[in-house]
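>>> Return atomic coordinates for the entry below.
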Amino acid sequence: MKESIVQRKSFEFSLKIISLYKQLQQEKEFIISKQILRSGTSIGANIEEALAGQSKRDFIAKMSISSKEARETKYWLRLLKESELTNLDVNSLILDIHELIRILTSIVKTSQGNITKN
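Below you'll find the model as predicted:
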């Protein structure tokens with residue numbers, strides 16, 4: 001099966017989050033770094049689960065969880081930026097997470113619309 005755009009983008013985002021986590025750990029920032037690592041990598045994991053969903057409802061549920069994890073990751077990134085706990089530039093990650101949220105929101109809304117039509 002061909003890899004989807006959201007699948008690819010979430011995997012690439014996870015790699016960037018892992019890199020950020022490593023940098024934060026080197027700066028001795030242990031609390032937010034773990035939160036970002038958990039939520040940021042969970043996005044792609046839930047997308048993978050959704051793509052192997054047992055039903056359309058299962059697919060929607062997992063994609064919805066991915067969307068929620070993406071929003072949580074956005075929160076942690078914004079908090080990291082605004083709190084000035086680090087001098088690391090997270091602006092590109094914030095742009096990436098906004099894009100993932102838009103894609104996931106579209107997938108969930110479209111899928112929900114399709115399920116109500118059937």
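
>>> could you pull out the helices for this protein?
Ranges of helices in the chain, per DSSP state H, are 5-26, 31-51, 56-83, 91-117.

>>> looking at these, which is buried most?
With neighbours taken as mean count of other CB atoms under 10 Å, these reach their highest mean count in helix 31-51, at a mean of 20. All C-beta atoms are positioned from the backbone trio N, CA, C, and that covers glycine.

>>> Between helix 91-117 and it, find me the angle.
With axes from the mean of the first three to the mean of the last three CA atoms, to 10 degrees applied, the angle from helix 31-51 to helix 91-117 works out at 30 degrees.

>>> Any stretches of the chain with poor pLDDT?
1, 118 (pLDDT under 70).

>>> isn't Ser39 right up against Lys74?
No. Contact criterion CB atoms under 8 Å: Ser39 and Lys74 do not qualify, at 9.1 Å.

>>> for Lys56, what are its contacts?
Residues near Lys56 by CB atoms under 8 Å, 6 or more residues apart in numbering: 111, 114-115.

>>> which among those residues gets closest to Glu27?
Nearest to Glu27 among those: Ser111, at 39.9 Å, using CB to CB.

>>> just checking, the closest one touches Ile60?
Yes. If you go by CB under 8 Å, Ser111 and Ile60 touch, sitting 4.9 Å apart.

>>> Next, find the distance separating the nearest residue to Thr105 once chain neighbours are set aside from Lys9.
Leaving aside its chain neighbours, Thr105 sits nearest to Ser67 (6.1 Å; criterion: CB to CB, 6 or more residues apart in numbering). The gap separating Ser67 from Lys9 is 13 Å, by CB to CB, to the nearest Å.

>>> And stretch 80-100, end to end?
Start and end residues of stretch 80-100 are separated by 19 Å (CA to CA, to the nearest Å).

>>> Please report how far Ser92 lies from Ile47.
For Ser92, the distance to Ile47 - CB to CB - is 20 Å.

>>> you'd agree Leu79 is up against Ile32?
Yes. Judged on CB under 8 Å, Leu79 makes contact with Ile32 at a distance of 6.6 Å.
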